[in-house]
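Visitor: Whatever this is, show me its structure:
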Amino acid sequence: MKRTTAYLLAALTALTALTASLTATGCSVLEHRYPSGDPTILSQRLKTRAQWAYETMALPRHKPVEPVRVNTGYSCHTGIDRVAEDVRTHELGWSVPDIPIDTARPTEQRLRNAFVAAGWKITHDRDRRHPDWTELGFRAEDPATGDKFDLAWNTSTTSLFLDGYTPCAKVPHSLAEEYTIGEDWTPHRP
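Guide: This next block holds a predicted model:
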């Protein structure tokens, strides 16, 4: 028993040392490979799809959508607990206040059907009902690009929320610092 424990301890120690050594030298065996992407194209694709979603919702007259930020994120890792400075994701989110449930429910269904018709996959269904509250929503993912959109509505805020995300992509190192600040954007009524 002591011999088995000693062997296991030696193997674990060797594996830990090897992992630390490979990580310190930047060994690609431990790193996730992200596809390359142009930040301008990723941002534009996200805005175009968010505009399409807004138009597809066909909301009746409502309060204006506040300008939102198209942000770049650093939630992409390249190895064991290392964030890559040149790997980015883009995200945006907007909301429309004071949407009654009688408008929110068909709007959600219209957008859900449009995403499915466009070849997107519904990955999460967020419709929940309780005697005191209701939540509507879903997440759709484009299998071709990995882009995701979340639609949400609830009785406590009566706001309709749409959030969009691109998957992590490696951007040219020369552009990595240039695209750290987001840009303002607002969907426009058709």
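
Visitor: What score does the residue nearest the centre of the chain have for pLDDT?
Guide: By Cα atoms, centre = their mean, the mean C-alpha position of the chain lies nearest to residue 165, the distance being 3.2 Å. pLDDT recorded at residue 165 is 89.

Visitor: is it in a bridge, and if so with what?
Guide: residue 91, residue 148 (DSSP bridges).

Visitor: how close does residue 118 get to residue 145?
Guide: 12 Å (Cβ to Cβ, to the nearest Å). Yep, even glycine has a C-beta here, placed from its N, CA and C like the rest.

Visitor: mind listing the helices for this structure?
Guide: Taking DSSP state H as the criterion, the chain carries its helices at 2-24, 39-57, 101-117, 173-176.

Visitor: And those helices, which one averages the lowest pLDDT?
Guide: Set side by side, the helices of the chain give their lowest mean pLDDT on helix 2-24, at a mean of 52.

Visitor: so what's residue 139 up against?
Guide: Neighbour list for residue 139: 122, 123, 124, 126, 148, 149, 150 [criterion: Cβ atoms under 8 Å, 6 or more residues apart in numbering].

Visitor: And the contacts of stretch 123-136?
Guide: 101, 104-105, 108, 137-141, 148, 150-156.

Visitor: Just the buried subset of those residues, written out for ChimeraX, thanks.
Guide: A single ChimeraX command selects the buried members of the contacts of stretch 123-136 (16 or more other Cβ atoms under 10 Å):
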select :104,108,137,138,139,140,141,148,150,151,152,153,154
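
Visitor: out of the contacts of residue 139, which one sits closest to residue 172?
Guide: residue 148 (23.9 Å; Cβ to Cβ).

Visitor: Check what pLDDT the closest one gets.
Guide: We note a pLDDT of 95 for residue 148 in this prediction.

Visitor: wait, doesn't it sit right on residue 165?
Guide: Yes. Look at residue 148 against residue 165 with Cβ atoms under 8 Å: they come within range, at 4.8 Å.

Visitor: Tell me how far residue 124 lies from residue 135.
Guide: 12 Å.

Visitor: what does residue 112 give?
Guide: Counting by Cβ to Cβ, the gap from residue 112 to residue 135 is 14 Å.

Visitor: related to what we said a few turns ago, tell me the most packed of the contacts of residue 139, by neighbour count.
Guide: Of all the contacts of residue 139, the most densely surrounded is residue 149 (23 neighbours; neighbours counted as other Cβ atoms under 10 Å).

Visitor: Which residues outside stretch 53-60 are in contact with it?
Guide: For stretch 53-60, using Cβ under 8 Å, 6+ apart, the contacting residues are 65, 94, 96, 99, 103, 107, 110-111, 114, 149, 151, 160, 162, 164, 187-188, 190.

Visitor: Perfect, I'm done here.
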